[in-house]
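Asker: Model the structure of this input:
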Amino acid sequence: MKKMKHAYDYESDILSFFLTDNFDYEFSQFIERSIVINYNQSNKPIGFEFLNASKSFKTNKIFLKNIDFGEIELKISEEKITLNIKLIIKIHNKPTPLPLNISGANENQIPNIETKVAIASM
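Answerer: Predicted structure coming up:
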């Protein structure tokens, strides 16, 4: 399973996940107003961005600074993009899951793909 790193900008409330390998960025696709998938030249996902992340994950901004690990599962079919995320954060030193499940239209007609990546702690 590939691993992604993450970064959280507290002031802007933007949570980013990116592959640890160096991939060439080609384009981005919004699947919701605040959720972006970044792709390389081969139409493979290389990163995810969550604008207003604390709202998306329904948590306080301070807790997004404490992501221990997690998993992202992406499924793209002809019609739909489905993104399932499970983050494990620490709240008062207790591991707490933050799940997020999103679906949107495959407007850019990205080829079918299923991938799962682990989120590495920083």
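Asker: in this structure, what spans have low per-residue confidence?
Answerer: Applying pLDDT under 70 to the chain flags the ranges 20-22, 122.
Asker: which non-adjacent residue is nearest the residue nearest the centre of the chain?
Answerer: Centroid-nearest residue in the chain: residue 48, 4.0 Å away (criterion: C-alpha atoms, centre = their mean). In space, and not counting its chain neighbours, residue 48 is closest to residue 17: 4.5 Å by C-beta to C-beta, 6 or more residues apart in numbering. Quick note: C-beta positions are derived from backbone N, CA and C, even for glycine.
Asker: bridging residues for the residue nearest to residue 98 when sequence neighbours are not counted?
Answerer: Residue nearest to residue 98 in three dimensions, not counting chain neighbours: residue 87, with 4.2 Å by C-beta to C-beta, 6+ apart. Following DSSP bridges, residue 87 is listed with bridge partners residue 70, residue 98.
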